[in-house]
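could you look at this predicted model? Sequence included:
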Amino acid sequence: MIRRKHTLAAAVVVSAALALTACGGEAPASDLSSVKIMAPFLEAQPPTADGAVQKKLEELTGKDVNITWTPNASYEDKMNITLASSEIPHVLVVQGKTPGFVKNAEAGAFWDLTDKLNDYPNLKTTFPEVQQNASVNGKVYGVYRGRNPIRAAVMFRQDWLDKLGLKAPETTEDLYKVAKAFTEQDPDGNGQNDTYGITIPKWGALGTNSPYDLIETWYGAGNRWTERDGKLVPSFETDEFLEANRFIKKMVDEKLINPDFATFDGTKWNEPFFNGKGGIIVDVDSRVSVLINLFKQANPNDFENKVGFVGSLKGPDGELHAHPTDGYSGFLAIPKSSVKTEADLKNVLSFLDKLNSKEVAVLMNNGIEGVNFTLEEGLAATIKPETPEGKVVNTDIKSFAQLGTNVTGNNFYPVKQASEYEQKVFDDRVAVMAEDLKSAVYNPAAAFVSPTYVAKGAQLDNIVADARIKYLAGQTDEQGLKDAIKLWNTSGGDKVKEEINKLWQENKK
Amino acid sequence: MTAPVVEAKAPGRAATKPPAPARRRGFAVHFAHYKWLYLLLLPGVLYFAIFRYGPMYGVSIAFKDYVPFLGVNGSPWVGVQHFQDFFANPDFPRLLGNTLILAFLNLGIAFPLTIVLALLLNEVRLSVLKRTVQTLVYIPHFLSWTIVASLSFLLFALDIGPLFQFVNGLFGTNVDILSDPNWFRPLIVLQEIWKNTGWGTIIFLAALATVDQDQYEAAIIDGAGRFRRVWHITLPGIRSTIIVMLILAIGQMLNTGFEQIYLMTNALNRSVADVFDTYVYFVGITQGAYSYSTAVGLFKSLVGIVLIFGTNWLSKRFNQSGLF
């Protein structure tokens, strides 16, 4: 009796096992008719699931799309919590190679897509160097979200420049001259000494495309890392770094820069420019449009020729070292715990392939033609006045653009600017940035992740970043800055250099 | 001597609870008798078990190399590695120093000021005035640190802030108070006083209301002045409240207030501004070192517990009632 029971149980187990293996082969087990995505949103409200954009997206990709929109500010925390939970999405927007991401990736949380992306026409990147930048030591863990690599610009009050009879700066020395004239020659003509040249907000961290970083690159210090005598060294160990900071300090000492640069609130950055206190901003070129809009809102009849801009500036060596970003802003990664088999992975990748097709790119970046925009000579013109439907689409696409990868370049339509003047400025910007791209100084170590840097890079970099600000503010002298760089090395920086150089040598072949 | 007392007590207690002969069975019977009262206790116990004690399980990541993908259980154990790293870290003495200095400044200045303010309010005889002042000093407590920090930035703004001009005029200096390392601690303590002193008086005012009024009359007849009365009657009258509040304040001492300090920190004053709380945020959240920062937080909690028990023990030694 007992024996028979055992045989019965064994038979059940065996047949169940057989059934399971049979399923394993085709892997329809996980239901991929609905794709779950986790993405950040930067607007006040995330799009709703029954919005027109999502409906259209589902129609174009042939999948039910289930997007968990997560506020941008707490995205990294939520991402880590999600990865530790049982509700893991199929596609996860990762915002950058943060230590948290790298640890997860190295523990095997994501599919390695290095050899897989080339099979998909819309995922095969036309910018392999950017894909390399976005990789973790050569391993591609996601489809990167492309961004314009060249964004650095110097913006200045064009009306002040015209009044003082100056030319737009071309070199860092010109920048000094313009800043000095803006400070001392009463560019607003009110007879008072109440203006200064450059406004810099509280923004100290290294390698974050801050005004300091840009000027250092222009001086030839490289971009985060630079090759010297056959080795990679951090930019701040070059002589050019010290020269660039001497230059900035000279401007601080001569009061050409706002004296509260260490504490000035970055969200108010445009105010001194608009109010006629500080005439120059060194930042990304998209701020040009923001500034023009400020003037336009204040006076729609007189806003032209208030804002001028140039791209990267030539350094003292007479060469142009344009400052590029790494060319991406995070990537779309595919977690292994939700997408379990190669077959499922293919399924998800073809979904991402469709997501990067021209029609979906247009949907996510421009919207729906005839609802919120019309096509005019290859430009997307926003329909004005906004209809209620158009308004929803216009708001939703700001969030959906977060899912855009554009690894084959932007294949949606450029937005038609509101006026002829703004269109001209926009076209100028595109042209200037394209020109600067030819002289871009890339970060040679962008792809490399050193274990020591993951463990304590942020603390290490703070040593130098704080010393830089202290030096500029006069709290410490140049020796103090050099000592801080020495401290960076002895606190673990030596090891970072060693690891980065090893990875660099290995990947050179 | 003790034995008869116990014996005497036991029957006495048994008499109040109808069926309770032997001590062993005592609790079961006691429980059966009061089961509805215990049921009332249940939600509270559950709350603490689920929301307070349950999550403490996560503290185990201080002894592991936590990777979110692997989860709390799946991450490998590393023993006390993170604690060793922390104590060997050159940041450790600086963090400990900054935290303790700020904590003692807050305790040494802000805490007595609360009592002084309560005493002052207590002496106000005009009821309308007293109530108005009380309400006014409570209000800052309800403003968030973000607002307090914004106000400070406006008031102390370089060259244009009214308090910037006042302070620098007073000392004949010209320093940027917001970024000068020497001004960081005074600024923090000042904010703390401004925000929380009024709120802290509530409990002391309640205690002051219980002081026996006859004693004052007696003291007045004996010719005691205001200060004598405060010193010999009021303060001894609220002594136990002060002790309890002090123990509680010391337990909170190392919580130097993440928001406040984080908002007031900048590159120029970071050397004096970094405390355990900001360090845990910086290393743990922005750098993804969850295990390491948990270890730091755990260490901070341990110091807090030692301080509470230490103060409690001291207060008992000095013949005062402790908290527990």
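That came in fine, so what should we check first?

and chain A, what are its domains?
Domain assignment for chain A by automatic domain parsing gives A:1-27, A:34-149+A:327-416, A:152-323+A:440-508.

now those domains as CSV including mean pLDDT?
As requested, the domains of chain A are exported to CSV (pLDDT from 0 to 100):
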stretch, mean pLDDT
domain A:1-27, 45
domain A:34-149+A:327-416, 91
domain A:152-323+A:440-508, 94
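
please name the nearest non-neighbouring residue to B:Trp179.
I think there's a mix-up here, since residue B:179 is Ser and not Trp. B:Leu268 (3.9 Å; C-beta to C-beta, 6 or more residues apart in numbering or on different chains). C-beta here means a position set from N, CA and C on the backbone, and glycine is covered the same way.

what helix or strand is that neighbour on?
Counting by DSSP states H and E, no helix or strand carries B:Leu268.

could you show which parts of the stretch 151-300 of chain B are in contact with chain A?
The stretch 151-300 of chain B comes close to chain A at residues B:153, B:157-159, B:176, B:178-179, B:181, B:266-268, B:270-271, B:282-283, B:285-290, as judged by C-beta under 8 Å from any C-beta of the partner chain.

please flag which of these sit within helices.
Of the positions in those, B:Phe153, B:Pro181, B:Arg270, B:Ser271, B:Tyr290 sit in helices, assigned by DSSP state H.

what is the neighbour count of the fourth one?
Going back to what we said before, that points to B:Ser271. Neighbour count for B:Ser271, taken as other C-beta atoms under 10 Å in any protein chain shown: 14.

for it, give me its contacts.
By C-beta atoms under 8 Å, 6 or more residues apart in numbering or on different chains, the residues touching B:Ser271 are A:Asp466, B:Arg94, B:Pro181.

what's the ChimeraX syntax to select whichever of those are buried?
A single ChimeraX command is used to select the members of these judged buried by 16 or more other C-beta atoms under 10 Å in any protein chain shown:
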select /A:466
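
before we move on, the earlier item: and the residue nearest to B:Ser179, how many neighbours?
The number of residues packed near B:Leu268 is 25, by other C-beta under 10 Å.

next one: it from B:Leu158, what distance?
Going from B:Leu268 to B:Leu158 by C-beta to C-beta, to the nearest Å gives 12 Å.

overlap of the contact sets of these two?
Jointly contacting B:Leu268 and B:Leu158 under the rule C-beta under 8 Å, 6+ apart are A:Thr263, B:Asp176.

where's A:Asp428, which helix or strand?
A:Asp428 is part of helix A:420-437, with elements assigned from DSSP H and E.

residue nearest the centroid of the chain?
All of this is about chain A. Nearest to the geometric centre of chain A sits A:Ser329, at 3.8 Å (C-alpha atoms, centre = their mean).

sorry, I should have been clearer: chain B.
Note: chain B centre (C-alpha atoms, centre = their mean) maps to B:Gln252, 2.7 Å.

so which residues on chain A come close to chain B?
Chain A comes close to chain B at residues A:76-77, A:80-81, A:83-84, A:98-104, A:107-109, A:202, A:204, A:259-260, A:262-263, A:265, A:337, A:454-459, A:462, A:465-466, A:468-470, A:473, A:475, A:491, as judged by C-beta under 8 Å from any C-beta.

spatially nearest residue to the closest residue to chain B within the stretch 401-509 of chain A (excluding sequence neighbours)?
Residue nearest to chain B within the stretch 401-509 of chain A: A:Ile469 (3.7 Å; C-beta to the nearest C-beta). Leaving aside its sequence neighbours, A:Ile469 sits nearest to B:Ala267 (C-beta to C-beta, 6+ apart; 3.7 Å).

tell me, how many neighbours does that neighbour end up with?
For B:Ala267, using other C-beta under 10 Å, the count is 24.

how close does it sit to A:Ala484?
To A:Ala484, B:Ala267 is 12 Å away according to C-beta to C-beta.

so what sits against both of these two?
When contacts are counted by C-beta under 8 Å, 6+ apart, the set common to B:Ala267 and A:Ala484 consists of A:Asp466.

okay, and the closest residue to A:Lys231 other than its chain neighbours sits in which element?
With sequence-adjacent residues excluded and distances taken as C-beta to C-beta, 6+ apart, A:Lys231 is closest to A:Asn501, at 5.8 Å. Here A:Asn501, judged by DSSP H and E, is contained in helix A:494-508.

residues in contact with that helix?
Contacts of helix A:494-508 (C-beta under 8 Å, 6+ apart): A:137-138, A:225, A:231-234, A:444-445, A:447-453, A:457, A:460, A:489.

quick one: buried ones out of those residues?
Among the contacts of helix A:494-508, those classed as buried by 16+ other C-beta under 10 Å are A:225, A:232-234, A:444-445, A:447-450, A:452-453, A:457, A:460, A:489.

in strands, which of those residues fall?
A:Trp225, A:Leu232, A:Val233, A:Pro234 (DSSP state E).

just checking, what packs against the strand or helix carrying B:Leu208?
Using DSSP H and E, B:Leu208 sits in helix B:181-209. If contacts are counted by 3 or more C-beta pairs under 8 Å, 6 or more residues apart in numbering or on different chains; DSSP states H and E, helix B:181-209 sits against helix B:91-105, helix B:111-123, helix B:127-138, helix B:145-155, helix B:239-251, helix B:258-264, helix B:270-273.
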